[in-house]
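Asker: Predicted model, plus sequence, below.
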Amino acid sequence: MDLGFMWDTFLTLLTGLPLTLELAVTSVVAGSALALAISLLAVTGGEIGRTVTRGYVFVFRGSPLLVQMFLIYYGLGQFRHGLQDLGVWGFFREPYWCAVLALTLNTAAYCSEIFRGGLLAVSAQEIEAARACGMSGILLFRRIILPIAIRHALPAYGNEIILMIKATALASVITIMEVTGLAGKLIADSFRAFEIFIVAGAIYLAIIFIVTRMLMAVDFWLSPHVRMRLQS
């Protein structure tokens, strides 16, 4: 392996890192907000809410993310005139926003099930205890239900964040030059796939390592009983 070439490759791929992180952060934040709404609809929306959410989750979990990205970017382009009439063609003609939309809709399907499980994991005794203290409505949800649900959902949610970071690599197939897109361009120019993908993989490993440590810190912060045990 040529270490000099790998160093030059590393510097080149680093220029795509901000776009990779931007795709990941935007899709995770937007997907989490949508997932929370979907999970609340599934829990409190009755039979209609459960039917709608089950359909959404079935479609987006049951089909590959790559297919969803192709349908949004290439498929909707066939309806250009209709999208222009609706005033949204400016959004769908940009590969960046199509990638964000596909990633958001996909992660929302997975996260909604994670959040739904977290909400259902809050015991009735904890809710009744909070009501006995005078809490109700939004205050009860914000102070009791949501923190406990997040604590239960965090391990699975952390895995989904990691999967989303890696899934941003699929954005390269719709001409987005993030880390994987730049790696593909370098391979086309140099035909040195092995070294280039080693460098690209190392960059993703470094990102995942940092994110994993951050999630561990959040988990520790949300677990006061663990902190008290360590301090005693």
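Answerer: All right, it came through fine.
Asker: Where does pLDDT dip in this structure?
Answerer: 224-232 (pLDDT under 70).
Asker: ok, now how distant is the most centrally placed residue in it from Met164?
Answerer: Among the residues of the chain, the one closest to the centroid is Val28, at 3.4 Å (C-alpha atoms, centre = their mean). Applying C-beta to C-beta, to the nearest Å, the value for Val28 to Met164 is 5 Å. Quick note: C-beta positions are derived from backbone N, CA and C, even for glycine.
Asker: Find residues that contact each of these two.
Answerer: Thr107 (C-beta atoms under 8 Å, 6 or more residues apart in numbering).
Asker: Sketch out the helices for this structure, chain order is fine.
Answerer: Taking DSSP state H, the helices of the chain run over residues 3-14, 17-44, 46-62, 65-70, 80-86, 89-92, 95-120, 124-132, 137-140, 146-167, 179-190, 193-221, 224-231.
Asker: And for Phe91, the neighbour number?
Answerer: Around Phe91 there are 15 other residues, counting by other C-beta atoms under 10 Å.
Asker: who are the neighbours in contact with it?
Answerer: So Phe91 contacts Trp97 (C-beta under 8 Å, 6+ apart).
Asker: distance of it from Val52?
Answerer: Distance of Phe91 to Val52, given as C-beta to C-beta: 24 Å.
Asker: And for Glu22?
Answerer: Separation of Glu22 from Val52 (C-beta to C-beta): 31 Å.
Asker: For Gly45, grab phi and psi.
Answerer: Torsion angles at Gly45 (phi, psi; degrees, to the nearest 10) stand at phi -90, psi 10.
Asker: any idea how far it lies from Leu105?
Answerer: To Leu105, Gly45 is 19 Å away according to C-beta to C-beta.
Asker: And the two? Which one has more around it.
Answerer: Shown here are Gly45 and Leu105; by other C-beta under 10 Å, Leu105 has more neighbours (20 against 14).
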